[in-house]
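# Dropping the sequence and predicted coords here.
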Amino acid sequence: DAAAAREAWAAAVADRFRALVRALEERAVLDERPGRTAHEAVREAGLRLPAHAADLDAAGRLFDDVVYGDGTPGAADDALLRELDARVAATRPAPPAGLAALVGTGDGGARS
């Protein structure tokens, strides 16, 4: 928010994306993994938050363009990430793939 208030859009976009990933780690949507790329983070998060997968992917591309490329973000990019963060925070994640299979059996995976 401080970077956005200064209209330092590249810093605002980078910080907001990193905060989004950190929030997903704190919610255990993503495991904490140092060195994870933006692409890896949004791909994994999209599996748990399928309704937001395309927007997460776009956010990861924006981050890469700004941090590693020649992208020049503006206020609209910051607003897009802010809005995505709010939607993601309000969404209940799907169970991890392995757990989803067990939950779907109705018996917690117990076998007789």
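Everything's here; your move. Numbering: from 1, shown residues only.
# contacts, neighbours, all on C-alpha from now
Will do.
# Just give me the longest helix of the protein.
helix 9-26 (DSSP state H).
# Please point out which parts of it sit buried.
Within helix 9-26, the residues that count as buried by 16 or more other Cα atoms under 10 Å are 9-17, 20-25.
# count of neighbours near residue 65?
15 (other Cα atoms under 10 Å).
# roughly how far apart are it and residue 59?
Computed with Cα to Cα, to the nearest Å, the distance linking residue 65 and residue 59 is 10 Å.
# Repeat that for residue 15.
12 Å.
# what's the angle from the helix or strand encompassing residue 42 to helix 9-26?
Element membership for residue 42, per DSSP states H and E: helix 38-48. Interaxial angle of helix 38-48 relative to helix 9-26 (axes from the mean of the first three to the mean of the last three Cα atoms, to 10 degrees): 50 degrees.
# Tell me the buried residues in helix 38-48?
Neighbour counts over helix 38-48 (16+ other Cα under 10 Å) mark 38-39, 41-48 as buried.
# I am finished for the moment; much appreciated.
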